[in-house]
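Engineer: The sequence and its predicted three-dimensional model are supplied below.
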Amino acid sequence: EKGGYEHFMLKEIHEQPVAIAKTIAGRFKDGIPDFSESGITAEMLGKYKRIYMVACGTAMHAGLVGKYLIEKLARVEVTVDIASEFRYRSPLIGEGDLVILISQSGETADTLAALKLSKKLGADTLSVVNVIGSSIARESDYVIYTHAGPEISVASTKAYSVQLTIMYMLAFQLAYVRGVIDADQCREYVRKFQEIPDEITALLEDKEQYQYIASKLMNADSLLYIGRGLDYATSMEGSLKLKEISYIHSESYAAGELKHGTISLITEGMPVIAIATQEDLLEKTISNVLEVKARGAMVVMLCKEKAQVASNVADYMIRLPDCEDFLAPMLTSIPIQLLAYYTAVLKGRDVDKPRNLAKSVTVE
Ligand code: F6R
């Protein structure tokens, strides 16, 4: 059942190229993303005043990437909330707003409660769900299914990638229906996105470097994940995945925020994993990396192939294929998953069933 893999998590990591391809298949009209099968038409998407993303954990991180993408590409305001916060903070939503609930299981209690509240307040609700017929799928006005197939490992991997996939498709479609880009540009975005599954397949081939870097992380008491912009969203996910299954304390920080307190944590040898795929932010992130390096941090850096980074900046460098900056989260998801996986394996953890956790959180 694990298809020759040692753990479900590793199997599911390798299933990502297929899951992504399945999730986009058949969801285009003249080459433009289209979700009218779910009842959510281009016309409706063109009209919402505000968009909210509400979810928990990894699914919330997918929503964060969605916010950056939609705001950048489609110029629509997006607010992201943790479901357990949203439902108790008297959210200012109502008619004309769209609330997008993201959930692998479709059963997360707080996300379901946030959905019910949003409906009560008059907003339209769209769920992005993996499990067909689950409570969140049934209760929402519209549902877009991700097609990851069953995810057994408690730590979410392929479900995250397909949630991201839907975020990209919605961002592309919104950018088009809002007139920010024309049809050709939209098709060009889609064409570039369609190269992602093959690029992931190629990335998955190089396991040794992740095993090697994991061997450098495994004895840390604590580590930091840093990044800016889209890379900050990915660093949040990287940090969660790593702490969840390896039990090494980890935090993620916006790189520019370190000097406002957190940098005092840096001691000799503490790992700092810096994600720096965004060209316009590269210099800024490098300067933050040099600040932690000067205080003894052991730096692991994730950059694109073409990024110019001096050899004294990082102790270990992970290179990603060159891609449009906005697509980077699809590729950086692989190193962060594999670093978490191999670190947990080296520590002898119960990778697929980390302590104290359940796959589906149906309690509040
Ligand atoms: C972390 C993880 C969790 C879930 C969260 C939401 O690896 O899997 O953070 O993402 O519990 O679950 P769903 O998506 O089922 O609502």
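Structural biologist: Sure, I can see it.
Engineer: can you give me the end-to-end distance of stretch 266-276?
Structural biologist: Distances were taken as C-alpha to C-alpha, to the nearest Å; on that basis the terminal residues of stretch 266-276 are 19 Å apart.
Engineer: Could you list the residues of this protein in contact with the ligand?
Structural biologist: Counting by C-beta under 6 Å from any ligand atom, the residues of the chain close to the ligand are 56-59, 103-105, 108, 111, 155-156, 240-241, 244, 360-361. Quick note: C-beta positions are derived from backbone N, CA and C, even for glycine.
Engineer: Inside strands: which ones of those?
Structural biologist: Counting by DSSP state E, the part of the residues of the chain next to the ligand found in strands is Ser103.
Engineer: Only the buried subset of the residues of the chain next to the ligand, as a ChimeraX command please.
Structural biologist: With 16 or more other C-beta atoms under 10 Å as the burial test, the buried ones among those are selected in ChimeraX as follows:
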select :56,57,58,59,103,104,105,108,111,155,156,240,241,244,361
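Engineer: List just the nearest of the residues of the chain next to the ligand to Ala254.
Structural biologist: For the residues of the chain next to the ligand, the closest approach to Ala254 (C-beta to C-beta) belongs to Leu240, at 15.3 Å.
Engineer: Let me know the pLDDT of the closest one.
Structural biologist: Model confidence at Leu240, given as pLDDT, is 98.
Engineer: before we move on, what about the one 5 residues further on?
Structural biologist: Predicted confidence (pLDDT) at Ile245: the value is 98.
Engineer: In the stretch 1-150 of the chain, mark out all the helices, start to finish.
Structural biologist: Under the criterion DSSP state H, counting those that start in this stretch, the stretch 1-150 of the chain contains helices at 8-14, 16-24, 42-45, 57-69, 83-86, 109-120, 135-139.
Engineer: quick one: buried residues of the third one?
Structural biologist: By neighbour count, with 16+ other C-beta under 10 Å as the criterion, the buried positions of helix 42-45 are 42, 44-45.
Engineer: Closest to Tyr232 out of these?
Structural biologist: Of all the buried residues of helix 42-45, Leu45 has the smallest distance to Tyr232: 26.2 Å, by C-beta to C-beta.
Engineer: Report the contact partners of that closest one.
Structural biologist: Contacts were defined as C-beta atoms under 8 Å, 6 or more residues apart in numbering; by that measure Leu45 touches 98, 170, 173-174, 177.
Engineer: Low-confidence stretches in the protein?
Structural biologist: In the predicted model of the chain, no residue satisfies pLDDT under 70.
Engineer: In it, what residue comes closest to the ligand?
Structural biologist: The ligand sits closest to Gly57 of the chain, with a gap of 1.9 Å, by C-beta to the nearest ligand atom.
Engineer: sorry, back to before: which stretch among the helices of the stretch 1-150 of the chain is buried most, on average?
Structural biologist: Burial among the helices of the stretch 1-150 of the chain, expressed as mean neighbours by mean count of other C-beta atoms under 10 Å, is greatest for helix 57-69, which shows a mean of 25.
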